[in-house]
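J.: sequence first, predicted model second:
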Amino acid sequence: MAKLKVLLDTNVIVDCLGAREPFYELARRVLLCGRVGEFELWLASSQFTDLVYILSNGGAKSRLAPALSALQGLRSFVNVHPVGAAEIDAMLATGWKDPEDALLFEVAMRVRADAIITRNASDFETTVINVFDCEGFFAWLSESVGLDYSEIEF
């Protein structure tokens, strides 16, 4: 069986790398499982500049180096899909209320993602790809795929 492909919304990365409570632990678990190869994690190339900005508090010099270091670590195990004209054109044609979410959906379609993980599932106007928060993703893995992480200490 091919590995599941999971596209992460920016908020999941910020929850983990920024240790945002109460979301940190489940976001960390998603990243750890991806790191050890349980499934493939994906980001859009455009998310990296957003993450630099968010994690460095708007580019603050004192926070820039730690933000870049954290993203280098993330990049060592996360796949990146380059956003190009095709994804931009598709996003512009959707009419979704949130263009960033529309763009992530287009990237998810291009990489043939099995799921999108976000804290804002209702923002993704799709039934084509499974959309979950971290907790829902682990429940889906248990119920649909037979992978149960509830008893593993992280």
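T.: Now that the structure is in, tell me what you want to look at.
J.: just the strands in this structure please.
T.: Under the criterion DSSP state E, the chain contains strands at 5-8, 40-44, 79-81, 115-117, 130-132.
J.: report how many residues lie close to G84.
T.: 10 (other C-beta atoms under 10 Å). All C-beta spots, glycine's among them, are computed from the backbone N, C-alpha and C.
J.: show me the biggest helix of the chain in terms of residues.
T.: The residue-count maximum for a helix in the chain (DSSP state H) belongs to helix 61-75.
J.: contact partners of that helix?
T.: When contacts are defined by C-beta atoms under 8 Å, 6 or more residues apart in numbering, helix 61-75 is touched by residues I13, L17, L31, F48, L51, V52, L55, S56, N57.
J.: which positions within that helix qualify as buried?
T.: Under the neighbour-count criterion of 16 or more other C-beta atoms under 10 Å, helix 61-75 has L64, A67, A70, L71, L74 buried.
J.: does G18 really touch L55, like I thought?
T.: Yes - judged on C-beta atoms under 8 Å, G18 makes contact with L55 at a distance of 6.3 Å.
J.: list the contacts for L26?
T.: Each residue near L26 by C-beta under 8 Å, 6+ apart is listed here: D133, C134, E135, F138.
J.: now, which of those lie within helices?
T.: Using DSSP H, these in helices are C134, E135, F138.
J.: most neighbours, which of these?
T.: With neighbours defined as other C-beta under 10 Å, the most crowded of the ones in helices among the contacts of L26 is C134; it has 22 neighbours.
J.: I'd say it and P22 touch.
T.: No - applying C-beta under 8 Å as the test, C134 and P22 come out as separate, 10.9 Å apart.
J.: what would the buried residues of helix 61-75 look like in CSV with pLDDT?
T.: Shown next, in CSV, are those (pLDDT from 0 to 100):
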residue, pLDDT
L64, 94
A67, 95
A70, 95
L71, 95
L74, 95
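J.: nearest to L7 among those?
T.: Within the buried residues of helix 61-75, proximity to L7 (C-beta to C-beta) peaks at L74, which comes in at 14.1 Å.
J.: returning to what we had before: dump the contacts of helix 61-75 to a markdown table, plus neighbour count, pLDDT and distance to L4.
T.: Shown next, in a markdown table, are these (neighbours: other C-beta atoms under 10 Å; pLDDT from 0 to 100; distance: C-beta to C-beta, whole Å):
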| residue | neighbour count | pLDDT | distance to L4 |
| --- | --- | --- | --- |
| I13 | 26 | 97 | 18 |
| L17 | 21 | 94 | 22 |
| L31 | 22 | 96 | 15 |
| F48 | 18 | 95 | 22 |
| L51 | 21 | 96 | 23 |
| V52 | 17 | 95 | 28 |
| L55 | 19 | 95 | 26 |
| S56 | 19 | 94 | 31 |
| N57 | 12 | 88 | 33 |
